[in-house]
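Undergrad: Based on what follows, work out the 3D shape:
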Amino acid sequence: MGDKGKIMGALVLGAVAGAAIVKLLETDKGKELVASAKEKAASAAEDIKAKINQLESELTELLKTEKGDNVNNEV
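TA: Predicted structure coming up:
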């Protein structure tokens, strides 16, 4: 099989896979799957935001402590 044949085969396979995914997502089970994925993504985003806020607070405290140590050492 030449390069053109491989490319055509890949295109056909991609089109078939895409059509199958669209058909799956149109079903009730597919809609449940999408809803579940959205919920998990939203939950993960909230967890990440909370962790970022926590790390930001910890870094701020560390910087305040470091500044305080530097001021005390200079005197």
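Undergrad: CA only for contacts and neighbour counts going forward, please
TA: OK.
Undergrad: for this protein, where's the lowest mean pLDDT among helices and strands?
TA: For the chain, using mean pLDDT, DSSP states H and E, the weakest element among its helices and strands is helix 28-74, scoring a mean of 90.
Undergrad: Show the pLDDT at Ala20.
TA: Predicted confidence (pLDDT) for Ala20: 94.
Undergrad: I'd like to know how far it sits from Gly14.
TA: Ala20 is 10 Å from Gly14, where distance means Cα to Cα, to the nearest Å.
Undergrad: before we move on, what about Thr65?
TA: Separation of Thr65 from Gly14 (Cα to Cα): 57 Å.
Undergrad: for Leu33, same thing?
TA: 21 Å.
Undergrad: Give me the neighbour count for Ala37.
TA: 12 (other Cα atoms under 10 Å).
Undergrad: hang on, I meant Ala15
TA: When neighbours are counted by other Cα under 10 Å, Ala15 comes out with 12.
Undergrad: Using the three-state scheme, assign it.
TA: helix (DSSP: H, G, I helix; E, B strand; the rest coil).
Undergrad: and it, what does it touch?
TA: If a contact means Cα atoms under 8 Å, 6 or more residues apart in numbering, then Ala15 has no contacts.
Undergrad: got it, and Met8?
TA: Met8 neighbours (Cα under 8 Å, 6+ apart): none.
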